[in-house]
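S.K.: How does the following fold in three dimensions:
(one chain, ligands or ions: 1)
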Amino acid sequence: DWTSESFVETTVAQLKEQLGNDHVIMALSGGVDSTVAAVLLHHAIGDRLHCFFVDHGLLRKNEFEQVLDSYKNMGLNVKGVNAKDLFYTKLKGVTEPEAKRKIIGAAFIDVFDKASKDIQSELPAGVEAKWLGQGTIYPDIIESVSVKGPSATIKSHHNVGGLPDYMKLQVVEPLKTLFKDEVRRVGKTLNVDPNILNRHPFPGPGLGIRILGDITEEKVRILQEADDIYIRNLKESGWYDKVWQAGTIFLPIQSVGVMGDERTYEHVVALRAVGSLDGMTADWIHLPYELLAKISNEIINHVKGINRVVYDISSKPPATIEWE
Ligand code: XMP
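M.R.: This next block holds a predicted model:
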């Protein structure tokens, strides 16, 4: 029967055989799947694996620096790419959720194209990276098939099948037969940083689909601060590991409040925490009132621009985990 140790052993051997002396390029997301896939590839081909990690300006607070550090500690060959301005410029004034996803997906491909050309140009003469590494797992394949019915695409998941034909790279996907819990077990066997292994799923378009309506740098900053307080409190109270996914949503409305003798008219954020096995269905989590009270006070007292916090009590279906 299946063990993570035997999976690692057979997969590394297969990858060695499949890849020979070839080089592989890979975009990492900071998530469990791409990281575990990269570490497996690194075991098989060492520094012939060339990774990069893109800051699209829609990551969590300090996430770019923290993730790059943990990659370096794991010995991965990773380059950080700051592409914030490109994404903010392309997203300016765009409000429709699928339009935002498409813009983010397309901008990501532009950055990917440039980063992979940069990596190619540094390879020794005559050596070409022919492979693209991806952290696709089994449910990604199932979901992207099931949402693409003849009727409509429910939400386009831009990390599946997203690359255009002109990038003639062959795809290597060492995790495509595994479920999330198996990926975590494999990661543990490979000594992947527990901060990455136990991370909640985070969508590719990042905070871009958690800021409802148009995206500005100021909204990103406010949301990052509020989200940082929320996630830190979940960790400190022991709730983070009991929750499948949690996040903060910036609502496209302002509401009236009072501060001292002054009337305020500021932003509202919603907190979301769900339990799930695979993201296909989800139940909202009954976080303790005391914890919600502490988080709400901290956000309202410390994050300038927010005067109201609400808690999302909807399950999937009919709601989705993300609001866009
Ligand atoms: P929903 O909102 O559809 O989310 O209930 C289910 C899971 O998928 C993630 N999600 C995405 N992941 N690109 C991604 O890579 C996307 O566009 C996207 N939309 C949703 C979501 O965070 C949840 O884990």
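
S.K.: From here on, just use CA atoms for contacts and neighbour counts.
M.R.: Will do.

S.K.: list the contacts for Val274?
M.R.: Val274 sits next to Val243, Trp244, Gln245, Ala246, Ala282, Asp283, Trp284, Ile285, Ser315, Ile321 when contact means CA atoms under 8 Å, 6 or more residues apart in numbering.

S.K.: bridging residues for it?
M.R.: Beta bridges link Val274 to Gln245, Trp284, judged by DSSP bridges.

S.K.: Do you know the pLDDT at it?
M.R.: On the pLDDT scale, Val274 is placed at 98.

S.K.: And Asp278, by the same measure?
M.R.: Per-residue confidence at Asp278 stands at 83 (pLDDT).

S.K.: Walk me through the domains of the protein.
M.R.: Using automatic domain parsing, the domain parsing of the chain gives 4-197, 210-311.

S.K.: Mind putting those domains into a markdown table with distance to Gly204?
M.R.: Shown next, in a markdown table, are the domains of the chain (distance: least, CA to CA, whole Å):
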| stretch | distance to Gly204 |
| --- | --- |
| domain 4-197 | 7 |
| domain 210-311 | 11 |
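
S.K.: Least reliable of those by average pLDDT, please.
M.R.: Here the lowest mean pLDDT among the domains of the chain goes to domain 4-197, at a mean of 89.

S.K.: what about that domain, distance to the chain center?
M.R.: Centre-to-centre, domain 4-197 and its host chain are 10 Å apart (CA atoms, centre = their mean, to the nearest Å).

S.K.: next one: stretch 213-225
M.R.: Stretch 213-225 has its C-alpha centroid displaced from the chain centroid by 17 Å (CA atoms, centre = their mean).

S.K.: in that stretch, what counts as buried?
M.R.: By neighbour count with 16 or more other CA atoms under 10 Å, stretch 213-225 contains the buried residues Gly213, Asp214, Ile215, Lys219, Val220, Arg221, Ile222, Leu223, Gln224, Glu225.

S.K.: Would you mind naming what in the stretch 201-324 of the chain lies close to the ligand?
M.R.: Residues of the stretch 201-324 of the chain that fall close to the ligand, judged by CA under 6 Å from any ligand atom: Pro201, Phe202, Pro203, Gly204, Pro205, Gly279, Thr320, Ile321, Glu322.
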